[in-house]
Structure formats: structure tokens, C-alpha cells
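S.K.: compute the structure for the input listed below.
(2 chains)
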Number of protein chains: 2
Amino acid sequence: DVVGANDLQRTKLTYESRANLAKSAVAKRLFNLMASKQTNLCLAADLTKADDILNVADKCGPYICLLKTHVDIVEDFSEGFITNLQSLAKRHNFLLMEDRKFADIGNTVSLQYAKGIYKISGWADLVTAHTLPGRSILQGLKAALGPDASKERGVFLLAEMSASGNLIDDKYKENSNKIATEGADVDFVAGVVCQSSKTFAFPGLLQLTPGVKIDESVDKLGQQYQTPEHVVQERGADIGVVGRGILQATNVEQAAQTYRDRLWAAYKDRVAK
Amino acid sequence: DVVGANDLQRTKLTYESRANLAKSAVAKRLFNLMASKQTNLCLAADLTKADDILNVADKCGPYICLLKTHVDIVEDFSEGFITNLQSLAKRHNFLLMEDRKFADIGNTVSLQYAKGIYKISGWADLVTAHTLPGRSILQGLKAALGPDASKERGVFLLAEMSASGNLIDDKYKENSNKIATEGADVDFVAGVVCQSSKTFAFPGLLQLTPGVKIDESVDKLGQQYQTPEHVVQERGADIGVVGRGILQATNVEQAAQTYRDRLWAAYKDRVAK
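M.R.: Presented below is the predicted three-dimensional model:
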């Protein structure tokens, strides 16, 4: 079982060693950042006020490798907000990922990435994209970047979703894996958003897994949650994404530290075995 | 072959008669608008300057049933732009559709629909959404609306894409069809974005087909085009979406009229046979 063997290898390797295997320059940066800062926690800052996002980014900054945003839900979005977010990312040493879930034809995603009010390509180190439109999604996003900028930017491709009843099947996952690991645009793919270690084998890609919460549960709109230990050790997550588990905590900073500690311990345990 | 028979029926019925079968109030409005205004043309206003969009909307307004926007590529977006767009929609009698291709979990799409700078639910009669996340996409969007507003709003679900190499297969289409036609949220589904009359049978839904261009071709980023007659008569389109075919014409108004005439004639021919 070749896939099983490759898979075992990926989750057994340290982030440092995988940095050397990454084909995306941003993935390499992120692997190294995670190893040196000792964190595999991504905070999903799903808030609708700019100041609230900046506030949690500042408080949780020391504990995260990645801040995931949905800028299109921010009611008082401004260029100043982005400047402040970038300062915090620099000060606390984390990367920025706009969770845009690009899912249109190449020409449209190219415009959505670089243009509009948000000018995402100008500040987001990473973005998410669905593989549904096929390979052209990568070509479209890349077309929005100059030849130099493309080295500073990367994409996480969605190969699975955490919503119950989603339409992704094994064939879809296999095709997503191919788009992520074959062809001319692999240098632009930093990782895969998925729920299982079996989704891809290549150790130079990062597995980002959303839906992490200490108390496992389901929300009213179909989102399913799993514990830090479960996603890292059973599901193969390299980065665990925590949203409401931190945002709705009484002490946000302390919650971020707890999630960082548990996700990191789970990773250390995984590579030690 | 039951599907074939249903399918034949849908494309043979007039828009007026189908208005009476629609479960979505917005689909009913749109069917009636199309019949009375004699147009099944949707203009894709994929431009990055607000004034350019308002300009083509004003020029093409008399010939279209629907204006499709990507507000997130507009560089000088403002509330005033939306007010002006709504005035033009009222003056020329067309509906507004934000082609957002929502594709996230329920809680996130709810925020993306109602919040942020764009407040899409406040002005777009229709939006597009991927069925990829499953039924929760409808529940999430609906959750953003009050009980009254939901009657004024509708969704086009994507069951196929025009980009070459996309990952949609027959099973995906079948599931999309089920989400569009079964369950508690069918009153919120106005239609299906697809490329073939076989994708769904229910005549109360509208088939919206993008990628219409008089000179068939392929763009550099994988988009494939088909003629007005082909999409209406061979592919089952109820509404044909034209973007670059009109936007890049020397005379935009004349091009809109030509596309309207050809799409409408193709429809009249289809229901007469």
C-alpha cells in the first residue's frame, strides 16, 4: 500500500525537515516559522469589526503561526486595517491567510485576487481556493501576480470540507491531490485544507484542518468540531484552525495559549513515536 | 426515460407558464419579467470601475432581464454605486445578481452575505452559490435574512461550470439537483447555473448558462464559449449570460440588442416547435 507508506512518512517527519522538501517558497517559510516559534495553531479571526480582529490578533499573535481572515465580513474594512494587521504579523511573526475560497473561472479569480476594495494579493501571504473549477484556478490566481510576487504568495487548496453533507467524494479528493502535486503550478501550492492524513502524501505540503475545538460539537449550521489531539494525531493536521474556541473564550489570550500548547504537544508526540 | 420526458417538457414550456410553477418568489418575478420584457439576456458586468458598470448597465438596461455583478472586483465600490445600480434596475426593469459563488460553511456564508462592506443581501435580488458545502449553504444564506426578506431574495445554485477541466461529475450534478429541488429551502432556489438541459427537470427553476459569445472560442484561462442559439436550443438555457461579447464590443448597446434578439428568437423557436 504505497499511499499508506507515504502517508505515514509525512506525519512522522518534523516541520524543519519538511521545509526542505517544500516546492512553494511560502510553505517553506511557514514550516520554518512553525518550527522556530513552536506553534501549529492558526487563529480564524471571523469577526465583523476591524478593531476586534486587531485586538485578538495582538493578544493571540505570540501563539499562532497563521491568522486566517474573512475580510469580506469586516464592516469597517479600510486600508489602515490592513496596514495594522501587517504590523501585527511582523511584530508577532505570523503569516496572513485570506480564507477567500476562490471558486470561479480563471479570469474572474484573477480580478478577485488583485482588484476591488480588498486587493488581497497585495497583503495576504496565503489564500484558500477550491479545486472545483480545475487547474485554471491556479493559473488565474497566478496571472494576477507579477513574476517576483508569485514567490511571496501561496495557495491552500480545499480537498475536503468540515460541513456535514458536503459533496466532496474520493474522486474529487484524488483530483485535488493531483492539482496540488502535479503540473507547472505546484510552486504556488503551499498546502491542502482537509480532514484526513490520507488526502495527500507529499511531505512538502502542509495540511490545514479547520473545525478544531476542545469541546467537540456541531453548530446550528452544520459545522463539525474535533479536539486538537484528534486532528493532529488521528487526522494528520499540520496546522489546526481554531475560531470560536478562542474567540468566544472569556480569556482569549489564555485560550490561544491552551490551544497552542495542546496542538504543539500533539505534534511533538506524533513525530516522536 | 423519465428524466428525458421531464426535460423535454421544461424547455418546451413558455416562461409565463413556468412562472406559475416556480416555488421561489424571485424566480416567479424573473420569469414574468422575461416574458413581458421579451428578453432572456443576462449581462455579466465584469468591470473594475463603478462608472463603467453604471454606464453599461444604463446602455444595456433596456435589453436585459438580469445584471450579473462581481462587486468584489470594483476598485471604487461605494454605497452610492449600489444606490445608482438599484435606480438603473428600477428604471430599466431588470434584476440584480451578485455572482459571489458562495462556497463556505453555513456560519461564514451567512456573514459574507449580510455583513462586510458589500452587504450583498441588502441589494442583490439574486446570488450564486456552489452546492459543494451541501445543503447548509442554503440554510446559512437564509439565516442572514429576516422572514420577510427571504421572499425577496433567491439563489442560483451551480451544478456545472464552463471552465475546462473542472471537477464536477454526474454524481455532483445529481446531488446539486436534489439540493435545488428537495427539502425545506426550495422556496429560496430560483434556478441552476449549468451547461445542459439534462441537469435538472423541474420547470419552476431557471437555467442560467454562462459563456455565451457569438464567435465561439476559448480564453487564455480556460473559459469556453458557445453561441446564443446553441445554449438555448441545444443546451436548454433559459437565460444566457454574455460578458466579454458585449463589454468588448465597439458599440455596447448595439451588441446587447443583438444578443437579446438572438437569444430571444432562439427561445421563441424552442417553445414553438
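
S.K.: count of neighbours near the residue in the stretch 51-200 of chain A that chain B sits nearest to?
M.R.: Residue nearest to chain B within the stretch 51-200 of chain A (CB to the nearest CB): A:Gly106, separated by 2.7 Å. Placement of C-beta: from N, CA and C, glycine included. Using other CB atoms under 10 Å in any protein chain shown, A:Gly106 is surrounded by 27 other residues.

S.K.: likewise A:Gln224?
M.R.: 17.

S.K.: then A:Phe202?
M.R.: 20.

S.K.: give me every residue that touches the closest residue in space to A:Phe77 that isn't next to it in sequence.
M.R.: Nearest residue to A:Phe77, sequence neighbours excluded (CB to CB, 6 or more residues apart in numbering or on different chains): B:Ile117, at 5.3 Å. By CB atoms under 8 Å, 6 or more residues apart in numbering or on different chains, the contact set of B:Ile117 is A:Asp72, A:Val74, A:Glu75, A:Phe77, A:Ile117, B:Phe77.

S.K.: can you verify B:Ile117 is assigned to a helix?
M.R.: No. Secondary structure of B:Ile117 (DSSP: H, G, I helix; E, B strand; the rest coil): coil, not part of a helix.

S.K.: centroid residue for chain A?
M.R.: Nearest residue to the geometric centre of chain A (CA atoms, centre = their mean): A:Leu208, 4.8 Å.

S.K.: is chain B contacted by the host helix or strand of that residue?
M.R.: Following DSSP states H and E, one finds A:Leu208 within strand A:206-209. No. Using CB under 8 Å from any CB of the partner chain, strand A:206-209 stays clear of chain B, coming no nearer than 13.6 Å.

S.K.: most neighbours among the contacts of B:Ile117, which one?
M.R.: Busiest of the contacts of B:Ile117 [other CB under 10 Å] is A:Asp72, holding 25 neighbours.

S.K.: spatially nearest residue to that residue (excluding sequence neighbours)?
M.R.: B:Gly116 (4.6 Å).

S.K.: so how far is chain B from the residue nearest to the centre of chain A?
M.R.: 14 Å (CB to the nearest CB, to the nearest Å).

S.K.: would you confirm that that residue contacts A:Leu157?
M.R.: No. At 9.9 Å, A:Leu208 does not count as touching A:Leu157 under the criterion of CB atoms under 8 Å.

S.K.: which residues do the two both contact?
M.R.: Shared contacts of A:Leu208 and A:Leu157, defined by CB under 8 Å, 6+ apart, are found at A:Gly191, A:Val192, A:Val193.

S.K.: need those in JSON lines with pLDDT and distance to chain B, can you?
M.R.: Formatted as JSON lines, the shared contacts of A:Leu208 and A:Leu157 follow (pLDDT from 0 to 100; distance: CB to the nearest CB, whole Å):
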{"residue": "A:Gly191", "pLDDT": "98", "distance to chain B": "18"}
{"residue": "A:Val192", "pLDDT": "98", "distance to chain B": "14"}
{"residue": "A:Val193", "pLDDT": "97", "distance to chain B": "11"}
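
S.K.: format these as TSV; extra columns: secondary structure and neighbour count.
M.R.: Converted to TSV, the shared contacts of A:Leu208 and A:Leu157 look like this (DSSP: H, G, I helix; E, B strand; the rest coil; neighbours: other CB atoms under 10 Å in any protein chain shown):
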residue	secondary structure	neighbour count
A:Gly191	strand	29
A:Val192	strand	27
A:Val193	strand	25
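
S.K.: which stretches in the stretch 151-273 of chain A count as helices?
M.R.: Assigned by DSSP state H, counting those that start in this stretch, the helices in the stretch 151-273 of chain A fall at A:170-181, A:228-229, A:244-247, A:252-272.

S.K.: mind listing what's buried in the last one?
M.R.: Of the residues in helix A:252-272, those buried under the neighbour-count criterion (16 or more other CB atoms under 10 Å in any protein chain shown) are A:252-253, A:255-260, A:262-264, A:266-267, A:270.
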